[in-house]
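[1] Below: sequence and its predicted model.
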Protein chains: 2
Amino acid sequence: MRNLLVFFTLLLFTFNLQAEDGHNLWLRAKSTGSVDIVCARSSATLTIAKQELEQGWQGQNGAKFTLTIKKDKAIKGDGFKLSENEIQANTELGILYGVCELLRRQQTGQTIQNEICNPSYDRRVLNHWDNLDGTVERGYAGLSIFWHDLEKGYAVTDNDRMLWKEYARANASIGINGSVLNNVNSHKLMLTPECLQKVKAIAEVLRPYGIKTYLSVKFSSPTLIGGLKTSDPLNPEVIKWWKDKVKEIYTLIPDFGGLLIKANSEGEPGPQDYGRNHADGANMLADAFKPYGGIIMWRAFVYAANSKDRACQAYNEFMPLDGQFRDNVIIQVKNGPVDFQPREPFTSLFGALKKTTVMPELQITQEYLGHSEQLVFLATMWEEFLKSDTYQEGIGSTVARTTDGSIFPQKYTAIAGVANIGLDTNWSGHHFAQANWYAFGRMAWKNQMTSEKIADEWLKLTFSPKEGKNVNINISDWQKNFLMPVKQLMLESREATVNYSMPLGLHHIFAGLNNTHYGPGPWFAPKGIRIDWTPAYYHKADSLGIGFDRTTKGSGAVSQYHEPLNSQFENPATCPEIYLLWFHHLPWDYKMKDGRILWDELCYTYDKGVNEVRQFQKTWDKVQPYVDAQRFSEVQSKLRQQCRDAQVWKDGCLLYFQQFSKRPIPFDIERPVYDLDYLMKMDLTDMLK
Amino acid sequence: MRNLLVFFTLLLFTFNLQAEDGHNLWLRAKSTGSVDIVCARSSATLTIAKQELEQGWQGQNGAKFTLTIKKDKAIKGDGFKLSENEIQANTELGILYGVCELLRRQQTGQTIQNEICNPSYDRRVLNHWDNLDGTVERGYAGLSIFWHDLEKGYAVTDNDRMLWKEYARANASIGINGSVLNNVNSHKLMLTPECLQKVKAIAEVLRPYGIKTYLSVKFSSPTLIGGLKTSDPLNPEVIKWWKDKVKEIYTLIPDFGGLLIKANSEGEPGPQDYGRNHADGANMLADAFKPYGGIIMWRAFVYAANSKDRACQAYNEFMPLDGQFRDNVIIQVKNGPVDFQPREPFTSLFGALKKTTVMPELQITQEYLGHSEQLVFLATMWEEFLKSDTYQEGIGSTVARTTDGSIFPQKYTAIAGVANIGLDTNWSGHHFAQANWYAFGRMAWKNQMTSEKIADEWLKLTFSPKEGKNVNINISDWQKNFLMPVKQLMLESREATVNYSMPLGLHHIFAGLNNTHYGPGPWFAPKGIRIDWTPAYYHKADSLGIGFDRTTKGSGAVSQYHEPLNSQFENPATCPEIYLLWFHHLPWDYKMKDGRILWDELCYTYDKGVNEVRQFQKTWDKVQPYVDAQRFSEVQSKLRQQCRDAQVWKDGCLLYFQQFSKRPIPFDIERPVYDLDYLMKMDLTDMLK
């Protein structure tokens, strides 16, 4: 309660003039007094914990604070017990997490009472889609922080170590304890001794912060770098090769986390290349890792080029294998059945795989949500997903509970997020994209956490009124004029993006040109391309209507959902309108719940999205007095871009679909300002500055 | 009255499906019956008149109609007397004009009563800024219809003659009787025998339609092509050279109109190069042309590179010469003192030169008003100009009356318009830019004509419900749903352009980059450029305020205006707000009449301009059922462009000026969507498709 008072009673702050480039993320706590730390043990991790406590202490000046490592059954994994003068934990890492939580509460003015904080998932892992040449697949924040230039080898500099340490500290502050260091579309050289030496160097920097390293590797590594003639998972030589390789890894990196495997997906090699199934492949690797406590995260993102419905395939392929996987295999399943679209229903495998451990894969980087150009706070999307009820084990079988061990017995629990981190000074390209990194960590720790709470925390930490301008700011003014409106903006931002890009259940209608996945492309269909990579495969717009029929009369994807969802999705009248065109092909004059016909609703929704972004601009412009000049103008500039992009989305989609609907855009909304043929020819990323 | 009935009682039309590319301009009359023409004389012009009457007759089937050439003092020049069954005129051309007027009235449903129609100006001249290499300076409708490729000589093809005939017919239909065939920045070869041969060929095609040819030539032609050592207008050899050259011209082209001279202006040679003044130069040429009835149109568009106020200079230079010019010299004065800006007060020379003939120069091509990308109907601007009261000879001394011979005794009266005509299929680039060509002709004929009447005529002729779609359209529906809203759009279009580009008296703040004059450029100031070519010379924005002080405390330009204008303009409280920043430098918080401060008013006005264009888009989209597909979509596309351009103007100007005003853009209007630094670097024409 005291800290709350500290926060609220410090009515006036003197702001500093320091240039603010966003590099400090949400880590801005500066001590306001001394603290007398009592800690019986010492270690690299505990040293960090004590340093953090000293540097960030905002409690009573000179207070005594105890860090205690003591077994307590109520505390799980790296959880901790927090009280006003003590943190107790089972592990050193638990102490560090407790310190970070304490400082966060001090800085955000939250109460500190006796409380046990346990993580929802054991493994809270960032997936870096970083390539060994330094590029980042779907990375919009500069080059890789881990890999530079393959030509130049794997040298490690002091600057590298400094940056990795900052990275590790940021992750630790939000409970992230694992990093897959490279792209799921992995490089064949990943497991070579030279490369593993670099992994070792990275692991050494991350280790004190409690972050295990993981790698993505080619399933065909035995052939590619081992000189074997096959990579058949049942081949004894292959099995031996992997066992030796795993031993080599653990000799270098004793706490190595395990592997993330993309197999038989989008051209990546896998067990099916040798007539084996996913279980055969995953289990062979799992057996090799088992002695070291390593895990195999096996991706369920698989689909064949010419299937009738890509959304059905992961379920069809993995359900027959349920019960066949080792207990250290975790099937990593994207939140949505098609891909990381702005909105999809949850993937039907959640809760359906009952004898197999499943982990959610979220995408922090905004591949389909405006890259790092657009302000889209993803926590609301993840909250919607985690709280989705699968009904697989009765009411309340939410995705969260089917994956965090609440329902199914699981040796491991895990959650992954595809990172949005790069060499950009502010790490994530957009200052507000940092909030998605933050939110992933917070939700991975506590999957019941609301996006509202996360936004509130992040804003207080990141745009603290103690930072920024050299003016006196009244804290209640700050809350009313900055915190509330900007939080509101964040919480509305994902829905706005859905509205101006893929509303009403539309999905996968983004630009394919140059593989940017940026901007609209419902028309994209170059000669010879896989049809399931063309938007028309998904929107199926024609003179009769629009949408993908996944009812029992269509692809039957609805049947993969447990009742009552199955029936609810099957019937357009009961299907939530946010998923309407995901499950149904409906006529242009289909009557929506608000009385409008579908075409009009589409128009109004796109237009609403544009206007929401305009409103975001106003909100942001109004908070100028509360934000340092650099971050203010950088965010302002990105919001301008977002407004232009929203217009392009609206114009492109409405004008394209209008060719089929043959109906006017309702005259009470603004007209398109681009021609369709112009938008069809251009690559929207060319319009970026 | 009968024609009115024909128009209104034909309730249903069957539309044709013919592709409509706009090439037919406003000339779409098709006869609805036969007419029995009585005409005692015959000539090329009368033959045309009779053909037009037969092809376009929409009066009573089989009616008898008489064309009579008979001297009548009430009929002036090529005027005519129109009655239901007869046209009477002094000249053959008068007959042709009468026929065109009759057909126009038939087609637009206007009454035909006994009426004498006399032209306001004798010489109604298009100035083509066409270069001998086929390009057109400030032309936005393709290459020149007259000149092709200088390298290839002056060959004339049948296609050329066909096009010139169409051009001549269009001009004749609206009373234009002169064409200056080449750019005022003329080519030195213009007066060579080879080139004059081509002029002769053009003149022969134009002649039957009553159009005289004129040329622009270099004042230094005697030196450039005559082999003389000087072009001093008082040098006897020079005088002789010109006399001989003029004789040569008239031998080839007996009805040659005369010359248009840009002298001692923007680098063009002139009499001042030899220590002579404008009168010396103009009079020498006038003397050479006098025997043939030719005139010299001498441009007053002169300004020195470093003067304190460019707007003052024409007045200062020409007023001392008043009374010194020959009676066949006409001083051609642009409507505005600076240039053809979207809005300026009239040039102070109008009415002030009392012993010198003055002709207005209007710009039909949209150099500063969005080229042929934007829909801007200029008639409202010209009406505002022509009706401006100079007070030079008492109340009612309008610009129109000071130039059309109503007030001053003049041997000649004339008006010029810089053409917007090129090889584009639709002649003018934008379908609605044709309306400006049309309006110039109509106002040159009758300078009291309202822009409303002109728009009404032009729309009825050009988008006649008899044209276009193959559907039955009720004529009263057409009037209500097409004519009224589109006419309204046209009449508001120039004010909208002023609002989103140069409101409140701002002027000359357009883009200078690449000399495009397209889009905003208040920041334009490359190193070494003449300061009077930089927008800052004109807007003078600084921390204190914005605007050009032309009061007696400033440049004193107000003093060039006759009372009560002088006093009215001098005082910001009485200065019309549309000219406010043209005459005054005012503080950002200057209180406007509506109670807003100047900065806010500027913001609201720019924003209003953007919203007006959005409204134009809606208006146009709604008339789709009444317009052929091609013209509908071409205009729709241009309006989209215009909307994007308006946004760029608003953003560029507000963000630029905001650097000085240091005030927020009011939060109830939409935020900019472009960054200033982006707009400052780019050339808006690059954004055109």
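    Good, I have the coordinates.
[2] got a list of what whichever residue of the stretch 251-400 of chain A sits closest to chain B touches?
    Here the stretch 251-400 of chain A gets closest to chain B at one residue, A:Glu373, 12.7 Å apart by C-beta to the nearest C-beta. C-beta: built from backbone N, CA, C; applies to glycine. Residues near A:Glu373 by C-beta atoms under 8 Å, 6 or more residues apart in numbering or on different chains: A:140, A:429-430, A:518, A:638, A:641-642, A:645, A:688.
[3] mind redoing it with 6 Å?
    Contacts of A:Glu373 were listed using C-beta atoms under 6 Å, 6 or more residues apart in numbering or on different chains, and they are A:638, A:641.
[4] Check the gap between it and A:Val648 for me.
    A:Glu373 sits 12 Å away from A:Val648, going by C-beta to C-beta, to the nearest Å.
[5] helices and strands around the strand or helix carrying A:Asp160, which ones?
    Using DSSP states H and E, A:Asp160 sits in helix A:158-173. Packing contacts for helix A:158-173, counted by 3 or more C-beta pairs under 6 Å, 6 or more residues apart in numbering or on different chains; DSSP states H and E, involve helix A:193-206.
[6] that older thread, the next helix-or-strand element following the helix holding A:Asp160 pairs with which strands, parallel or anti?
    Once helix A:158-173 ends, the next helix or strand along the chain (criterion: DSSP H and E) is strand A:178-180. Counting by DSSP bridges, the strands paired with strand A:178-180 are strand A:123-127 (parallel), strand A:212-216 (parallel).
[7] Adding mean pLDDT and mean neighbour count, write these out as a markdown table.
    As requested, the strands paired with strand A:178-180 are exported to a markdown table (pLDDT from 0 to 100; neighbours: other C-beta atoms under 10 Å in any protein chain shown):
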| stretch | mean pLDDT | mean neighbour count |
| --- | --- | --- |
| strand A:123-127 | 98 | 26 |
| strand A:212-216 | 98 | 24 |
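[8] Tell me which other helices or strands the helix or strand hosting A:Lys240 touches.
    In this assignment (DSSP H and E), A:Lys240 forms part of helix A:236-252. Counting contacts by 3+ C-beta pairs under 6 Å, 6+ apart, helix A:236-252 packs against helix A:278-289.
[9] In terms of secondary structure, what does the helix it packs on contact?
    helix A:236-252, strand A:295-299.
[10] quick check: mean pLDDT across the shortest one?
    Spelled out, it's strand A:295-299. Across strand A:295-299, pLDDT averages out at 98.
[11] Give me the distance from it to the chain's centre.
    17 Å (C-alpha atoms, centre = their mean, to the nearest Å).
[12] and it, which residues are buried?
    Neighbour counts using 16 or more other C-beta atoms under 10 Å in any protein chain shown place A:295-299 of strand A:295-299 among the buried residues.
[13] got the angle for that strand vs helix A:278-289?
    Counting by axes from the mean of the first three to the mean of the last three C-alpha atoms, to 10 degrees, strand A:295-299 lies at 160 degrees to helix A:278-289.
[14] ok, now the first one?
    An angle of 40 degrees separates the directions of helix A:236-252 and helix A:278-289 when computed by the same axes, to 10 degrees.
[15] in helix A:236-252, what's buried?
    A:238-239, A:241-242, A:245-246, A:249-250.
[16] picking that back up, and the helices and strands packed on helix A:278-289: which comes nearest B:Leu126?
    B:Leu126 sits nearest to strand A:295-299 of all the helices and strands packed on helix A:278-289, at 71.4 Å, using C-beta to C-beta.
[17] In its sheet, which strands sit next to the closest one, and in what direction?
    Paired neighbours of strand A:295-299 in the sheet (DSSP bridges): strand A:258-261 (parallel), strand A:329-334 (parallel).
[18] what bridges to A:Gly545?
    A:Pro587.
[19] got the contact list for the helix holding A:Lys240?
    By C-beta under 6 Å, 6+ apart, helix A:236-252 touches A:191, A:196, A:200, A:222, A:226, A:228, A:231-232, A:256, A:284, A:288-289, A:292.
[20] Checking my notes, A:Lys593 in a strand, right?
    No: counting by DSSP: H, G, I helix; E, B strand; the rest coil, A:Lys593 is not found in a strand; it is coil.
[21] coming back round to it: including mean pLDDT, mean neighbour count and distance to A:Leu506, could the strands paired with strand A:295-299 go into TSV?
    TSV is the format used below for the strands paired with strand A:295-299 (pLDDT from 0 to 100; neighbours: other C-beta atoms under 10 Å in any protein chain shown; distance: least, C-beta to C-beta, whole Å):
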stretch	mean pLDDT	mean neighbour count	distance to A:Leu506
strand A:258-261	98	28	30
strand A:329-334	98	26	18
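[22] Now distance to B:Ser83 too, for those, in TSV please.
    Converted to TSV, these look like this (distance: least, C-beta to C-beta, whole Å):
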stretch	distance to B:Ser83
strand A:258-261	93
strand A:329-334	83
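[23] Pretty sure A:Leu655 sits against A:Leu676.
    Yes: with contact defined as C-beta atoms under 6 Å, A:Leu655 reaches A:Leu676; the gap is 3.9 Å.
[24] could the strands paired with strand A:178-180 go into a markdown table alongside distance to A:Leu53?
    Shown next, in a markdown table, are the strands paired with strand A:178-180 (distance: least, C-beta to C-beta, whole Å):
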| stretch | distance to A:Leu53 |
| --- | --- |
| strand A:123-127 | 22 |
| strand A:212-216 | 24 |
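[25] For chain B, tell me whether the helix or strand containing A:Leu602 is touching it.
    Secondary structure assignment for A:Leu602, by DSSP H and E: helix A:598-622. Yes: Helix A:598-622 reaches chain B (C-beta under 6 Å from any C-beta of the partner chain) through A:614, A:617-618, A:621.
[26] Output the lowest mean pLDDT helix or strand found in chain A.
    Counting by mean pLDDT, DSSP states H and E, chain A has its least confident helix or strand at strand A:12-14, which shows a mean of 36.
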